[in-house]
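> sequence and predicted structure below; questions after.
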Amino acid sequence: MDWHKKMSIVLLGLPLLLGACLNLKQPSRKIDFYTLEYDPPKISGLESLPLVIRMERFSVAPMYNTNRIVYRDRSFKRNEYVYHQWRANPGDIVTHFLCRDIRESSLFKAVLCNDSRSPCSYALEGSIDEFFERDTEDIWQAVLCVSITLTAENEPDISKRIVFQKTYRAEEACKRKNPQALVEAISRAMAKISEEITRDIYCRLESRYITH
């Protein structure tokens, strides 16, 4: 190969090499991470019960078991944002905030995290059945559906161990059509469901405690 051909090859390859170097220097698009934000529901006028509740980590339906924010823009489809993600898995997020809210209500002697080794009176477990953004032409909505099961830890009769079971669902309109508005809306939905769960658990355990 003569000198002129070698130089031609070098000159042709130089732009490709420079382009590759520039691409390596360019930062990838920033990923925005989100979590819920809302004040614990205020529940007053109820007397605290001398019971200890342990929160188990909630499971998540397979289509929402991801840190990416899931949205639905047409029937039978679920898509994910690549650059908009939850800081933690939805199971961890809902478990954390529900544990915080029940503890802050001061309606029980103690509320323990799932990794606690302390003895408890009841265990609360559940599942996140829906956790997504529903998009229509007119409006975007946050959809949250949570199912819970409350069990008595010291009940020897298995048939009597389940004390309470219920599914809660909330839909909140997004004020704008963007992921930030979705997170704000799902925070409002979580606040509503959390208060309902706390009140229902208290009412069920209050009647059970009095009869015992």
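Now that the structure is in, tell me what you want to look at. Residues are numbered from 1 along each chain as shown.

> neighbours of S48, how many?
11 (other CB atoms under 10 Å). (C-beta placed from N, C-alpha, C; glycine too.)

> ignore what I typed, I meant L124.
25.

> quick check, it in a helix?
No. Using DSSP: H, G, I helix; E, B strand; the rest coil, the assignment for L124 is strand, not a helix.

> list the contacts of it.
I53, R54, M55, E56, L98, I102, I148, T149, L150, I201 (CB atoms under 8 Å, 6 or more residues apart in numbering).

> can you classify the second one as helix, strand or coil?
Reduced to three states with three-state DSSP, the structure at R54 is strand.

> what's the separation between it and P40?
19 Å (CB to CB, to the nearest Å).

> who has more neighbours out of these two?
More neighbours surround R54 than the other of R54 and P40, with 23 against 16 (other CB under 10 Å).

> excluding chain neighbours, what is closest to the most centrally placed residue in the chain?
By CA atoms, centre = their mean, the mean C-alpha position of the chain lies nearest to P90, the distance being 2.6 Å. Closest residue in space to P90, ignoring its immediate chain neighbours: F131 at 4.6 Å, by CB to CB, 6 or more residues apart in numbering.

> with adjacent residues omitted, what lies nearest to R72?
R134 (5.1 Å).

> D92 now?
R57 (6.9 Å).

> helix/strand/coil for that neighbour?
R57 - assigned by three-state DSSP - is coil.

> from G91, how far off is it?
For R57, the distance to G91 - CB to CB - is 6 Å.

> and for N114?
From N114 to G91 the distance is 11 Å (CB to CB).

> identify the residues contacting N114.
N114 neighbours (CB under 8 Å, 6+ apart): R54, M55, E56, R57, T95.

> and F164, how far from I197?
Taking CB to CB, one finds F164 at 10 Å from I197.

> ok, now K30?
Counting by CB to CB, the gap from K30 to I197 is 35 Å.

> what ranges does the protein have for its helices?
3-25, 90-104, 179-211 (DSSP state H).

> for the shortest one, C-alpha coordinates in CSV please.
Provided in CSV are the C-alpha atoms of helix 90-104 (Å, rounded to 0.1, in the frame of the first residue of the first chain):
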residue,chain,number,x,y,z
PRO,A,90,-43.2,0.9,45.3
GLY,A,91,-43.4,-1.9,47.8
ASP,A,92,-40.8,-0.2,50.0
ILE,A,93,-42.4,3.2,49.5
VAL,A,94,-45.9,2.2,50.5
THR,A,95,-44.7,0.1,53.4
HIS,A,96,-42.6,2.9,54.8
PHE,A,97,-45.2,5.6,54.6
LEU,A,98,-48.0,3.4,56.0
CYS,A,99,-45.8,2.4,58.9
ARG,A,100,-44.9,6.1,59.5
ASP,A,101,-48.5,7.2,59.4
ILE,A,102,-49.9,4.5,61.7
ARG,A,103,-47.0,5.2,64.2
GLU,A,104,-47.7,9.0,64.0
